[in-house]
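Engineer: using only what follows, build the 3D model:
(one chain, ligands or ions: 2)
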Amino acid sequence: MNRLVVISNRVGPLNDEGKAGGLAVGLADALRQRGGVWFGWSGKTGEDGTFGPLQIKTEGEVQLITLDMTQADVADFYNGFANQALWPVLHYRMDLAGYDRRFSEAFWRINERIAARLAPLLKQDDLVWVQDYHFAPLGSQIRASGFSGALGYFLHVPFPPPEVLTALPDAHRLVRSMLAYDVIGFQTVTDRDNFARFVAGEIGGRVLEGGWIEASGRRVRADVFPIGIDAERFAAFAATAEARRRYAQLRTELHDRKQIIGVDRLDYTKGIPERLSAFERLLKDYPENRNKVSFLQIAPLSRENVKAYARLRRELEELAGHINGTYGLLDWTPVRVMTRGFSRKGLSGLYRASDVGLVTPLRDGMNLVAKEYVAAQDPENPGVLILSRFAGAARELSEALIVNPYDNAEMTEALQLALRMPLGERKERWQALNETVRKGNSRRWCGLFLDALEATHAQRRLKFLDESEGGASAKTELARLRRAAGVPPWGELKPFRGRHVRL
Ligand code: ADP
Ligand code: F6P
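Structural biologist: Numbers count the residues shown, from 1 in each chain. Ligands and ions are numbered 1, 2, ... in the order given. Okay, here's the model as predicted:
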């Protein structure tokens with residue numbers, strides 16, 4: 001098996017400590033199972049920044065290699081370009097995007113630096129897998145350093161329509177740089193199609209059948225690989241002593257009230273104020289819920305130095321205060337907002353103790369919380385998942401109550417329905433959801449992506465060998481890989497018509 005080298009802005013942890021962020025959770029699950037190298041930012045600042053020493057740690061089969069950044073890098077690259085320009089635009093929020101040439105320069109410079117530090121560690125037969133928006137152009141820098149092996153990229157967040165992405169002054173350069181990869185993975189068909197539209201409409205490329213894109217003399221496979229969780233492990237967490245302790249704490253405090261839970265980084269994409277407003281309306285329009293239902297929002301602080309995040313925190317505190325002031329009783333606080341982190345075992349106990357999982361982002365790449373909520377439920381008495389149609393997970397989890405988070409009345413009705421759903425229907429919905437979450441787990445996500453990467457790269461190699469009249473053994477290898485990943489041979493490429501779901 002070839003060595004896997006993963007590069008992402010956040011690295012680890014591999015254990016079950018609290019960590020807010022789907023990328024870290026999904027990758028930890030995948031890497032723990034397969035082993036490999038995980039390379040990226042240490043999360044710390046140091047005077048030498050990316051020029052400083054590499055910090056190397058080994059945990060089981062995984063080697064974690066990290067670098068510091070300077071304070072200026074964090075301000076301009078991470079808080080600046082990544083989270084004030086790219087993040088809002090990728091989540092369709094042009095209104096919140098702030099663009100600054102200094103941020104943009106830092107973004108391209110840090111990508112160049114990371115590639116320069118990574119290059120000496122790479123072997124030509126490594127499978128190199130770059131993750132997420134922070135490092136979208138890293139592939140082109142890695143290629144420039146002389147690496148010609150298998151190189152893939154996965155975008156954890158949405159890819160918006162070209163009409164939105166073009167608001168970003170670097171959009172064309174960014175997408176062109178992504179053509180250096182062999183395979184580009186997206187969470188949903190919509191994201192993939194938006195990317196294809198950008199390539200065809202903005203940079204004069206061609207979209208071919210079978211997920212292939214051709215532009216600037218490069219042929220890249222762009223496809224859909226929905227990320228999952230290690231569902232079996234997460235379900236087992238719910239039976240641990242720590243989970244049971246959290247479960248008992250929450251249920252004791254509730255008495256016989258029902259619990260609605262939300263778990264999200266404190267981010268404006270998650271639709272938390274909209275959720276609180278729906279809960280307020282539930283108490284107003286359906287008074288039978290007063291003193292009978294509580295709402296717990298776990299919202300660890302995120303990107304606190306970015307203004308939009310600080311504003312959101314204030315808004316949330318005001319809303320919760322308003323609802324509690326209006327409806328609270330001496331022995332009942334309707335809404336609780338907690339910004340602390342929990343261990344993954346602890347979280348699984350809280351999910352299990354909650355009658356309703358309210359996962360209603362305004363826009364989300366996938367949303368692993370939805371999958372965790374399902375995995376943690378008691379099969380004999382499962383809770384109800386309410387899920388936004390704008391979460392990538394809604395494509396797979398259609399047995400949830402699917403809502404439009406902008407429609408306050410619909411959200412309220414979904415809450416009322418969920419709180420009263422009979423056990424039979426809860427079980428039926430949950431069984432279907434649980435099967436999907438178990439099947440589409442992190443192992444499958446990682447396996448499908450790497451199969452596609454190996455096969456695509458082998459095709460490129462074969463084409464090269466064919467042209468230079470070599471390659472019988474590569475052909476045999478390719479035939480094997482083609483069978484494994486179902487990748488069409490070069491000769492079968494046809495013009496792209498309509499949408500593709502390849503999984
Ligand atoms: P995002 O990647 O945008 O943060 P996801 O829903 O995909 O959104 O992933 C969030 C991850 O962070 C989940 O695995 C969730 O369990 C974890 N998480 C969120 N809040 C906490 C918390 N307070 N303590 C520990 N983990 C958390
Ligand atoms: O999954 C989306 C994501 O943005 C990751 O890219 C990121 O690591 C995570 O959420 C948490 O954000 P941050 O790394 O900025 O804390």
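
Engineer: going by proximity to ligand 1, name the top residue of the stretch 51-200 of the chain.
Structural biologist: Closest residue of the stretch 51-200 of the chain to ligand 1, C-beta to the nearest ligand atom: H156 (6.6 Å). All C-beta atoms are positioned from the backbone trio N, CA, C, and that covers glycine.

Engineer: close enough to count as contact, that residue and V25?
Structural biologist: No - using C-beta atoms under 8 Å, H156 is not in contact with V25; the gap is 10.6 Å.

Engineer: any idea how far I227 is from the residue of the stretch 51-200 of the chain closest to ligand 1?
Structural biologist: 7 Å (C-beta to C-beta, to the nearest Å).

Engineer: hang on, the earlier thing: give me the pLDDT for the residue of the stretch 51-200 of the chain closest to ligand 1.
Structural biologist: Per-residue confidence (pLDDT) for H156: 97.

Engineer: so where's the protein shaky on pLDDT?
Structural biologist: 18-20, 464-475, 477-503 (pLDDT under 70).

Engineer: quick one, what contacts the residue of it found nearest ligand 1?
Structural biologist: Residue nearest to ligand 1 within the chain: G22 (2.4 Å; C-beta to the nearest ligand atom). Remark: with contacts taken as C-beta atoms under 8 Å, 6 or more residues apart in numbering, G22 is in contact with 156, 227, 365-368.

Engineer: and those residues, which is closest to ligand 2?
Structural biologist: Nearest member of the contacts of G22 to ligand 2, counting by C-beta to the nearest ligand atom, is H156, at 4.1 Å.

Engineer: contact partners for the closest one?
Structural biologist: 22-23, 26, 131-133, 187, 227, 365-366.

Engineer: just L121 next, same as before
Structural biologist: 5, 37, 39, 65.

Engineer: and the residue lying closest to E232 once chain neighbours are set aside, how far from G228?
Structural biologist: Distances taken as C-beta to C-beta, 6 or more residues apart in numbering put R438 closest to E232, at 6.9 Å, once the chain neighbours are dropped. Distance of R438 to G228, given as C-beta to C-beta: 9 Å.

Engineer: these two - which one has more neighbours?
Structural biologist: For R438 versus G228, the count of surrounding residues by other C-beta atoms under 10 Å is larger for G228: 26 against 18.

Engineer: just to be sure, the more buried one is in a strand?
Structural biologist: No - G228: not assigned to a strand; according to DSSP: H, G, I helix; E, B strand; the rest coil it is coil.

Engineer: wait, it touches G447, no?
Structural biologist: No - assessed by C-beta under 8 Å, G228 is found out of contact with G447, at 10.7 Å.

Engineer: residues in contact with the residue of the stretch 1-150 of the chain found nearest ligand 2?
Structural biologist: Closest contact between the stretch 1-150 of the chain and ligand 2, by C-beta to the nearest ligand atom, is at G21 (3.0 Å). Contacts for G21 (C-beta under 8 Å, 6+ apart) come out as 10, 265.

Engineer: who in the stretch 151-300 of the chain is up against ligand 2?
Structural biologist: Residues of the stretch 151-300 of the chain that fall close to ligand 2, judged by C-beta under 6 Å from any ligand atom: 156-157, 265.

Engineer: cool, the stretch 301-450 of the chain as well?
Structural biologist: 302-303.

Engineer: helices of the stretch 301-450 of the chain, start to end?
Structural biologist: Secondary structure of the stretch 301-450 of the chain (DSSP state H, counting those that start in this stretch): helices located at 307-327, 344-352, 368-375, 408-419, 423-439, 442-467.

Engineer: who are the packing partners of the second one?
Structural biologist: Counting by 3 or more C-beta pairs under 8 Å, 6 or more residues apart in numbering; DSSP states H and E, the packing neighbours recorded for helix 344-352 are helix 231-237, helix 241-254, strand 258-263, strand 293-298, helix 368-375.

Engineer: Serialize the ones you listed to JSON lines and add fields for distance to G346.
Structural biologist: As requested, the helices and strands packed on helix 344-352 are exported to JSON lines (distance: least, C-beta to C-beta, whole Å):
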{"stretch": "helix 231-237", "distance to G346": "9"}
{"stretch": "helix 241-254", "distance to G346": "5"}
{"stretch": "strand 258-263", "distance to G346": "11"}
{"stretch": "strand 293-298", "distance to G346": "10"}
{"stretch": "helix 368-375", "distance to G346": "12"}
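
Engineer: select, out of those, the one closest to I114.
Structural biologist: When the helices and strands packed on helix 344-352 are compared by C-beta to C-beta, helix 368-375 sits nearest I114, at 25.1 Å.

Engineer: re the thing from before, farthest pair in the contacts of L121?
Structural biologist: For the contacts of L121, the maximum inter-member distance is 9.2 Å, found between V5 and I65 (C-beta to C-beta).

Engineer: list residues touching both of the two?
Structural biologist: Counting by C-beta under 8 Å, 6+ apart, the contacts common to V5 and I65 are 37, 39, 121.

Engineer: hey, what's the first one bridged with?
Structural biologist: So that's V37. V5, Q63 (DSSP bridges).

Engineer: backbone dihedrals for L138, both of them.
Structural biologist: phi -60, psi -40 (degrees, to the nearest 10).

Engineer: check contacts around it.
Structural biologist: 7, 111, 114-115, 130.

Engineer: got a winner among those residues for most neighbours?
Structural biologist: V130 (31 neighbours).

Engineer: got phi/psi on that one?
Structural biologist: phi -90, psi 140.

Engineer: P226 now?
Structural biologist: phi -60, psi 130.

Engineer: and the helices in the stretch 51-200 of the chain?
Structural biologist: Ranges of helices in the stretch 51-200 of the chain, per DSSP H, counting those that start in this stretch, are 71-73, 87-90, 101-118, 138-144, 162-165, 171-178, 189-202.

Engineer: distance to ligand 1 added to those helices, as TSV?
Structural biologist: Output for the helices of the stretch 51-200 of the chain, formatted as TSV (distance: least, C-beta to the nearest ligand atom, whole Å):
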stretch	distance to ligand 1
helix 71-73	22
helix 87-90	10
helix 101-118	20
helix 138-144	19
helix 162-165	19
helix 171-178	20
helix 189-202	14
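
Engineer: residues making contact with stretch 303-319?
Structural biologist: For stretch 303-319, the surrounding residues in contact (C-beta under 8 Å, 6+ apart) are 75, 79, 83-84, 88, 96, 266-268, 272-273, 276-277, 280, 297, 299, 301-302, 337.
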